[in-house]
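Prediction below, plus the sequence it came from.
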Amino acid sequence: MIKLKELIKEECHCGKSCCSVNEDVKHIPKAKKKLQKLMKDESNLRLTMNQIALIMSKDIANNDLADDLIKSYKRNVTEFMRDAVRLIKKMK
């Protein structure tokens with residue numbers, strides 16, 4: 001196996017696979033498929049979180065806690081999902 005450092009140091013012009021570095025584009029569809037699974041899992045998480053918030057908000061004393069739960073979810077998970085989608089779209 002030829003390492004990238006060796007290719008950079010030596011200039012090989014034999015025309016075989018060691019002369020060029022090819023990137024595999026198969027990783028892009030795999031990442032998109034994993035993103036779809038992540039989106040599905042996030043949807044289930046959001047549904048469960050909303051059910052918990054609904055249970056909490058039935059009691060007036062816990063209404064603020066339910067609001068805090070929803071705000072925390074939106075602040076963290078939603079931002080993560082936006083970043084994940086944005087970064088996967090940038091993949092080359």
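In hand now; what should we look at?

in this protein, what secondary structure element scores lowest on mean pLDDT?
Least confident helix or strand of the chain, by mean pLDDT, DSSP states H and E, is helix 4-9 with a mean of 63.

on contacts alone, who are the packing partners of the following helix or strand past that one?
Using DSSP states H and E, the helix or strand that follows helix 4-9 in sequence is helix 27-57. Helices and strands touching helix 27-57, by 3 or more C-beta pairs under 8 Å, 6 or more residues apart in numbering; DSSP states H and E, are helix 63-73, helix 79-89. Backbone N, C-alpha and C define where each C-beta goes, glycine included.

Flag every buried residue along the first one.
This points to helix 63-73. A66, L69, I70, Y73 (16 or more other C-beta atoms under 10 Å).

Do I have it right that the first one meets S57?
Yes: here A66 reaches S57: they are 4.0 Å apart, a contact under C-beta atoms under 8 Å.

Run through the residues that contact M56.
Residues counted as contacts of M56 (C-beta atoms under 8 Å, 6 or more residues apart in numbering) are N62, N63, L65, A66, L69.

which stretches of the protein aren't confidently modelled?
Within the chain, the stretches with pLDDT under 70 are 1-24.

Mind doing that once more with 90?
For the chain, the stretches flagged by pLDDT under 90 are 1-29, 60-61, 78, 90-92.

which residue is nearest the middle of it?
Centroid-nearest residue in the chain, with C-alpha atoms, centre = their mean: A84, separated by 3.7 Å.

State the distance from that residue to K74.
15 Å (C-beta to C-beta, to the nearest Å).
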